[in-house]
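Q: Structural data only, the sequence is not supplied:
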């Protein structure tokens, strides 16, 4: 089914403006996506009509807010094809979800000499928490190297796996390179060694179908703000039997059943990991974002973004001096590159003057930049509301950059 691009773009108010006297071209979707009106309206309606704390109130507003918040949990369960809403934990984002798992397991699972494997193309949010877990537990961090193509060295990964391997944490799609990792194979290999697995799906959920039961990862996490939802809210999916054995992440209201000065009984899942008043409006916003994706069709989104990527790559390859950073065979809707002799920051600044928003820098993936010996890259990343005409404007902007810097 073809998407109705005109209808989709009409739902995003932010797209219909000028920046520096030019129509906005927004190609920074890997950092955060724009929000459709249904998401904005859902948040506005909560604060306008239903604002109340959830779960603990018997009054009407509290019940209304609770019902909508829990509808969002069910929407996420449906999106991921999870077994139960008990496996869906609200967090502040992918970063907190990863930190939750790393912190809890450093207290309950990891011990000195255990090995934790990550990859060389991870976001800092999937590096630093595991370094901290190793410092706390005495575990050892191992890194899967990346090939010149931007693909993981799977032979090296297989050699890293051994009886000491306790955990694998890897992204599904690299935010810096667009590489789609073979996570199904990686999960199966790790499980064969008895290791648990966490998948950072921040760049996957907005762009392709995710079935956590089919993947069989022990943990899967992502952020709402990259999938047309609000900032400050994310999801951790975890297998129920594992979450039940883990200690709580932090203490406070909602994550308890009973509190006395002699001791505390923790709440059932998922509330055991949701201490404190959550981002209620953000949770309700997730439900609207899921509805938007379902109405367009996740498969339709994936197919259309693949078209945009192919078109952008075709046009960029025609430009002299474009150096691609990572050219994996299997990649998502973003392209990371540099212009010969031009700093990415300078190029991005010129493009901004033309109304074109891209991301420049290390993309919170400094080890990737060190591996490819560059200070940073220019990254253009696409969403379902982008057009080939916008890519043409972007390509014209690249030519303008080259003219300015000679």
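A: Perfect, thanks for sending it. Fair warning: this is a prediction, and the values are worked out from it, not measured in the lab.
Q: show me what contacts residue 400?
A: 350, 354 (Cβ atoms under 8 Å, 6 or more residues apart in numbering). Bear in mind the C-beta positions are built from the backbone N, C-alpha and C, glycine included.
Q: er, residue 377 actually
A: Going by Cβ under 8 Å, 6+ apart, residue 377 touches 176, 325, 336, 337, 338, 344, 360, 361, 363, 369.
Q: do the same with residue 93
A: 223, 224, 225, 231, 232, 233, 234 are the contacts of residue 93 under Cβ under 8 Å, 6+ apart.
Q: and what of residue 302?
A: By Cβ under 8 Å, 6+ apart, the contact list for residue 302 reads 207, 208, 209.
Q: Next SSE downstream of the helix or strand where it lies?
A: In this assignment (DSSP states H and E), residue 302 forms part of helix 298-316. Beyond helix 298-316 in the direction of the C-terminus, DSSP H and E gives the next helix or strand as strand 322-324.
Q: Now do the helix or strand just after that following strand against helix 298-316: the angle between them, please.
A: The helix or strand immediately downstream of strand 322-324 is strand 334-339, counting by DSSP H and E. Note on geometry: by axes from the mean of the first three to the mean of the last three Cα atoms, to 10 degrees, strand 334-339 and helix 298-316 are set 20 degrees apart in direction.
Q: Now do strand 334-339, average pLDDT.
A: Average pLDDT, strand 334-339: 96.
Q: now the following helix or strand past that strand against strand 334-339, angle please.
A: Once strand 334-339 ends, the next helix or strand along the chain (criterion: DSSP H and E) is helix 344-353. For helix 344-353 against strand 334-339, the angle by the same axes, to 10 degrees is 110 degrees.
Q: going forward can the numbers begin at 4, since that is how I track them
A: In the new numbering, first residue 4, that becomes helix 347-356.
Q: I'd like the average pLDDT over helix 347-356.
A: Averaging pLDDT along helix 347-356 gives 96.
Q: what does stretch 23-38 give?
A: 98.
Q: That stretch: end-to-end distance?
A: 22 Å (Cα to Cα, to the nearest Å).
Q: What are the contacting residues of it?
A: Defining contact as Cβ under 8 Å, 6+ apart, one finds that stretch 23-38 is touched by 15, 17-18, 20-21, 178, 206, 209, 228-234, 288, 292, 336-337, 355-362, 366, 382-386, 388-389, 393, 396-397.
Q: and those, which of them are in helices?
A: If you go by DSSP state H, those have 288, 292, 355, 356, 393, 396, 397 in helices.
Q: Identify, from the contacts of residue 305, the entry nearest to residue 259.
A: Nearest to residue 259 among the contacts of residue 305 is residue 212, at 36.7 Å by Cβ to Cβ.
Q: Name the helix or strand for that closest one, please.
A: Using DSSP H and E, no helix or strand contains residue 212.
Q: now the helices for the stretch 4-153 of the chain?
A: Counting by DSSP state H, counting those that start in this stretch, the stretch 4-153 of the chain has these helices, from start to end: 8-13, 40-48, 63-83, 97-111, 131-140.
Q: before we move on, back to that, any of the contacts of residue 380 buried? List them.
A: By neighbour count, with 16 or more other Cβ atoms under 10 Å, the contacts of residue 380 hold 179, 328, 339, 340, 341, 347, 363, 364, 366, 372 as buried.
Q: any chance of the residues you listed in JSON lines, with distance to residue 126 too?
A: Formatted as JSON lines, the buried ones among the contacts of residue 380 follow (distance: Cβ to Cβ, whole Å):
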{"residue": "179", "distance to residue 126": "8"}
{"residue": "328", "distance to residue 126": "16"}
{"residue": "339", "distance to residue 126": "13"}
{"residue": "340", "distance to residue 126": "19"}
{"residue": "341", "distance to residue 126": "20"}
{"residue": "347", "distance to residue 126": "18"}
{"residue": "363", "distance to residue 126": "16"}
{"residue": "364", "distance to residue 126": "13"}
{"residue": "366", "distance to residue 126": "8"}
{"residue": "372", "distance to residue 126": "12"}
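Q: which among the residues you listed gets closest to residue 61?
A: Using Cβ to Cβ, the buried ones among the contacts of residue 380 come closest to residue 61 at residue 366, 47.2 Å.
Q: what sits against the closest one?
A: The neighbours of residue 366, taking Cβ under 8 Å, 6+ apart as the test, are 33, 126, 178, 179, 339, 379, 380, 382.
Q: Kindly report the same for residue 101.
A: By Cβ under 8 Å, 6+ apart, residue 101 lies in contact with 128, 129, 132, 172, 201, 203, 224.
Q: again, only this time at 6 Å
A: Neighbouring residues of residue 101 by Cβ atoms under 6 Å, 6 or more residues apart in numbering: 128, 129, 132.
Q: Now rank the contacts of residue 96 by neighbours and give me the top one.
A: In terms of neighbour count, residue 227 stands highest of the contacts of residue 96 at 34 neighbours, by other Cβ atoms under 10 Å.
Q: if I look at that residue, how far off is residue 82?
A: 11 Å (Cβ to Cβ, to the nearest Å).
Q: quick one: terminal-to-terminal distance for stretch 378-397?
A: Per Cα to Cα, the first residue of stretch 378-397 is 22 Å away from its last.
Q: what's the offset of that stretch from the middle of its chain?
A: Relative to the centre of its chain, stretch 378-397 is centred 18 Å away, using Cα atoms, centre = their mean, to the nearest Å.
Q: Domain map for this protein?
A: 8-30+301-407, 43-297 (automatic domain parsing).
Q: Can I get those domains in a markdown table including distance to residue 37?
A: Below are the domains of the chain laid out as a markdown table (distance: least, Cβ to Cβ, whole Å):
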| stretch | distance to residue 37 |
| --- | --- |
| domain 8-30+301-407 | 5 |
| domain 43-297 | 7 |
